[in-house]
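[1] here is a sequence with its predicted model. Questions after.
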Amino acid sequence: MYRLLKVCFVIVIIFFGLIFHLKNDQLVELNYYVNTVPVSFSLVIVLTLCVGAILGVLASLPALLKLKHENAKLVRQVKMTEKEINNLRVIPVRDKL
């Protein structure tokens, strides 16, 4: 079910992207200090969105790696605690009288 919803979402995004491209097919001049290149307006918008998404992922990567490291540390701590609890359950209780 989730996979079908994901595929439908991707198809809708591609459909809107195609409509955007067909409505905005004029050429614009891309000036990058050395030269000027005529490119499609929709291509400029799509490339800008892709570069922004990549920069966003790169900006969030340090926080994500920190959280993954912390998660791994906590998982190790839980395993060690569970092992200690199991060892304490095995040890017989002795009363001092």
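    Received the coordinates, thanks.
[2] residue 60: neighbour count?
    Residues contacting residue 60 under the criterion other Cβ atoms under 10 Å number 10. (Each C-beta comes from the backbone N, C-alpha and C, glycine too.)
[3] ok, now residue 44?
    Residue 44: 14 neighbours (other Cβ under 10 Å).
[4] strands of the protein, start to end?
    With DSSP state E, the ranges of strands along the chain come out as 27-31, 36-40.
[5] relative to residue 46, how far out is the residue nearest to the spatial centre of the chain?
    Central residue of the chain (Cα atoms, centre = their mean): residue 57, 6.4 Å from the mean position. Applying Cβ to Cβ, to the nearest Å, the value for residue 57 to residue 46 is 17 Å.
[6] quick check: which ranges of this structure have low pLDDT?
    93, 95-97 (pLDDT under 70).
[7] those helices in it, which residues are they?
    Secondary structure of the chain (DSSP state H): helices located at 2-23, 41-90.
[8] give me the residues contacting stretch 46-59.
    With contacts defined as Cβ atoms under 8 Å, 6 or more residues apart in numbering, stretch 46-59 is touched by residue 17.
[9] hmm, 7 Å instead?
    Applying Cβ atoms under 7 Å, 6 or more residues apart in numbering, stretch 46-59 turns out to have no external contacts.
[10] on that earlier part again, among the strands of the chain, which comes closest to residue 11?
    strand 36-40 (22.6 Å; Cβ to Cβ).
[11] buried residues, stretch 45-55. List them.
    Buried residues in stretch 45-55, defined by neighbour count with 16 or more other Cβ atoms under 10 Å: none.
[12] show me what contacts residue 40?
    Taking Cβ under 7 Å, 6+ apart as the test, what residue 40 contacts is 25, 27.
[13] gap between it and residue 46?
    When residue 40 is compared with residue 46 (using Cβ to Cβ), they lie 9 Å apart.
[14] same check on residue 52?
    Residue 52 is 11 Å from residue 46, by Cβ to Cβ.
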